[in-house]
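Asks: Give the three-dimensional model of this entry:
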Amino acid sequence: MNIEDIKHIRNTLNIGLTEAKQLLSEKETVETAIQKWKDAQAEILAIEENKKHIDFKDWFYIKDFFVECSQRFFNDNETIPNKIKPLSENYSKELWNKHVSEKHRHLMMVRSDEDWNIKNIQSFANEWSWGTSWNKDDYSAFEKNVKHRLDWNDNDIIYFFWGRYTAAETDWETLYKYWIPFMYEDEMNIVLNLKSKKALIIGVNGSIGIGERREL
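Replies: As a prediction, this is how the structure comes out:
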């Protein structure tokens, strides 16, 4: 086995000598070894790009961005992570662009009906301000004040979006029972059930409403 060939593979692919040597030993020529490695990397990349979910433990939103109550809740409650599946950035983007907005990456950037795929929003914040219940850790409040307004089944899959690239899949029952760790007082979120034309819009300072998804 020619050491110069091994070095050439190493330099071309920016890998270690041991890996380069192994590649060459498995293939007949330097060219086939390099191409085989590139094909394998392309396949891995394609799998990652098409992956729907990521591991809960690797979800950066849990590790780095959730407020203290959320960190504590998700880390201490062993049953909840099993019901919440973080979406990969690519899959979250795909759903967001199709069902929420191709133009904006966050709801707080929306300024007109043309900016997104939601219409006819009816607010019920005058009947219930979620921020008050959120500050009191009143977990039962969401079920009392929101559940009856949507004809969603408990086991319906819903998608909770913090933005274009950050979303989680869970079921409707999990969200309305354990809603507090999902929310921020100064954030806007959208909850979609793809079986329904209705969308739940959660605004800042306790505002909340239900809109309709445009026909696509």
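
Asks: May I have the distance across stretch 153-173, first residue to last?
Replies: 8 Å (C-alpha to C-alpha, to the nearest Å).

Asks: List of residues touching that stretch?
Replies: Residues from elsewhere that reach stretch 153-173 (C-beta atoms under 8 Å, 6 or more residues apart in numbering): 53, 61, 83-87, 89, 92-93, 95-97, 100-101, 104-107, 150, 152, 175, 182, 187, 189-196. Heads up, the C-betas are built off the backbone N, CA and C, glycines and all.

Asks: What subset of these is buried?
Replies: 83-87, 89, 92-93, 95-96, 100-101, 104-107, 150, 152, 175, 182, 189-193, 196 (16 or more other C-beta atoms under 10 Å).

Asks: Out of the contacts of stretch 153-173, list just those in helices.
Replies: Among these, the members found in helices (DSSP state H) are 89, 92, 93, 95, 96, 97, 175.

Asks: Distance of the first one relative to residue 157?
Replies: The one in question is residue 89. Here the criterion is C-beta to C-beta, to the nearest Å. By it, residue 89 lies 19 Å from residue 157.

Asks: what residues go with each domain of this protein?
Replies: Split into domains by automatic domain parsing, the chain comes to 3-50, 87-213.

Asks: can I get these in TSV with mean pLDDT?
Replies: What follows is the domains of the chain, written out as TSV (pLDDT from 0 to 100):
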stretch	mean pLDDT
domain 3-50	77
domain 87-213	92
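
Asks: most neighbours per residue, which of those domains?
Replies: Comparing these by mean neighbour count (mean count of other C-beta atoms under 10 Å), domain 87-213 ranks first with a mean of 17.

Asks: Can you show me the strands along this protein?
Replies: Along the chain, counting by DSSP state E, strands occupy 85-86, 118-123, 157-163, 166-171, 189-192, 198-202, 208-213.

Asks: any chance of the ones you listed in TSV, with distance to residue 20 too?
Replies: As requested, the strands of the chain are arranged in TSV below (distance: least, C-beta to C-beta, whole Å):
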stretch	distance to residue 20
strand 85-86	36
strand 118-123	53
strand 157-163	41
strand 166-171	38
strand 189-192	47
strand 198-202	52
strand 208-213	52
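
Asks: Need the residue closest to the centroid of this protein.
Replies: The residue lying closest to the centre of the chain (C-alpha atoms, centre = their mean) is residue 167, at 2.3 Å.

Asks: That one pairs with what?
Replies: Partner residues in beta bridges with residue 167, using DSSP bridges, are residue 161.

Asks: same deal with residue 171?
Replies: residue 157.

Asks: Distance of it relative to residue 152?
Replies: Residue 171 is 9 Å from residue 152, by C-beta to C-beta.
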